[in-house]
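*Asks:* build me a model from this:
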Amino acid sequence: MQNESKSFRLVPMREEHGRDICTWRYSPPYDLYNWDSWDQMVTLAEEFGDPKIREAQYRAVLDESGELCGFAQFFPMVGVTRLGLGLRPDLCGQGSGVSFVRAIVQEAERSVPGCEIDLEVLTWNKRAIRTYERAGFVITDTYERPTPEGSGEFHCMVWTGMISEEEKSMGNNERPKAALLAEFRGLLAFAEELRSVDTQIWDEPLAPGKWSLKEVTGHLLLWDQYFYESAIGKIAESKPLTLKQLDFNAFNARAAQYGREQSGGKLVEELVLWRSRLADTLEALPEAEFRRSFPDLDGKPFIIADYIPDFVWHDRHHIKQIREFLSRSS
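*Replies:* Numbering: from 1, shown residues only. Below is the predicted model of the structure:
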């Protein structure tokens, strides 16, 4: 069931919220997220079992009816708000994750404006990683650190999406089609800027340890190609989607390799080709198709009006990287 239009609100976490959260039980392998019993949490003054920590850092997340759906933690660091969050087990995988995460991000922006927002996620938790990526986070670092179950490998993911005032007041699926497509075509204008980039800097990394301009451009265009061929083109032809959960690391590695093997000029041409093909096909779709839920190969819902903002945020992240690089190189 698609629940991305579900809305959430955050309130101070009360003791009864904490008691309920301690009864939630996740199935393996997610059972490591189970909390201790409430009595033990209180006895050990553990996390939200400690009234001071609960008041300072924790919020309960409620739905429209006031039902407890999850929790959020805002852990203060120097210049950064680190998020901790948990969705009620029976709601996991039901399509409400992106709305849930975005509601928490908005509260973090409101509470501590100007701070970077990030979170940690175990690298094997692909379901959570995909949700965070759709919500506007990107992986910026990977490292190991101790956990109660032993050493674990984590991604650090940083919030890069920009939520407009309009998006804060209405779901993406309710935003006008023309407004969404105008933002989606924004990458085409930026591609024109890339035509004048000196050929000598296309192979340089955007920053130490980062991809080159060629690799980033290859990454952008191959994702466009994949979504056209597996989803948007299929919808236009009234065929079943072939879209499915991918190994993102493997796909991105192939895209980067493809970028390294091409000239900058060829990459720009292909980027314009695939984004134009996507945008033109989307423009021609009826409004009903634009907002309809289509099942992908994994049986999960795919809605075009939700897909576009995800890619716009992704575009903006890389555009910002590239512009900063070009500014330093000039």
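*Asks:* only C-alpha atoms for contact and neighbour calcs from this point on.
*Replies:* Will do.
*Asks:* residue 91 versus residue 48, what's the distance?
*Replies:* Computed as Cα to Cα, to the nearest Å, the residue 48 to residue 91 distance reads 21 Å.
*Asks:* looking at these two, which is more packed in?
*Replies:* Shown here are residue 48 and residue 91; by other Cα atoms under 10 Å, residue 48 has more neighbours (25 against 13).
*Asks:* so what's the more buried one up against?
*Replies:* Residues in contact with residue 48 (Cα atoms under 8 Å, 6 or more residues apart in numbering) are 18, 41, 54, 58.
*Asks:* PyMOL command for the buried members of these?
*Replies:* Only the buried entries of the contacts of residue 48 go into this PyMOL selection, using 16 or more other Cα atoms under 10 Å:
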select buried, resi 18+41+54+58
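*Asks:* need the max-distance pair from the contacts of residue 48.
*Replies:* 41 and 58 (14.2 Å; Cα to Cα).
*Asks:* which residues in the stretch 201-330 of the chain form strands?
*Replies:* Assigned by DSSP state E, counting those that start in this stretch, the strands in the stretch 201-330 of the chain fall at 293-295, 301-303.
*Asks:* now do the last one: distance to the chain's middle.
*Replies:* Relative to the centre of its chain, strand 301-303 is centred 15 Å away, using Cα atoms, centre = their mean, to the nearest Å.
*Asks:* for that strand, list every residue counted as buried.
*Replies:* Using 16+ other Cα under 10 Å as the burial criterion, the residues of strand 301-303 that qualify are 301, 302, 303.
*Asks:* listing partners with orientation, what would you give for that strand?
*Replies:* Strand pairing for strand 301-303, determined by DSSP bridges: strand 293-295 (antiparallel).
*Asks:* pLDDT of the strand it pairs with, averaged?
*Replies:* The average pLDDT within strand 293-295 is 91.
*Asks:* equivalent analysis for stretch 7-14, please.
*Replies:* The predicted model assigns stretch 7-14 a mean pLDDT of 92.
*Asks:* how long is it end to end?
*Replies:* Termini of stretch 7-14 sit 20 Å apart (Cα to Cα).
*Asks:* please enumerate residues in contact with that stretch?
*Replies:* With Cα under 8 Å, 6+ apart as the contact definition, stretch 7-14 has outside contacts at 54-55, 58-64, 71, 99-100, 103-104, 107.
*Asks:* low-confidence ranges in the protein?
*Replies:* Within the chain, the segments meeting pLDDT under 70 span 1-6, 149, 161-175.
*Asks:* roughly how far apart are the residue nearest to the spatial centre of the chain and residue 47?
*Replies:* Closest residue to the average C-alpha location of the chain: residue 133 at 2.0 Å, with Cα atoms, centre = their mean. Here the criterion is Cα to Cα. By it, residue 133 lies 27 Å from residue 47.
*Asks:* could you do residue 223 as well?
*Replies:* Computed as Cα to Cα, the residue 223 to residue 47 distance reads 40 Å.
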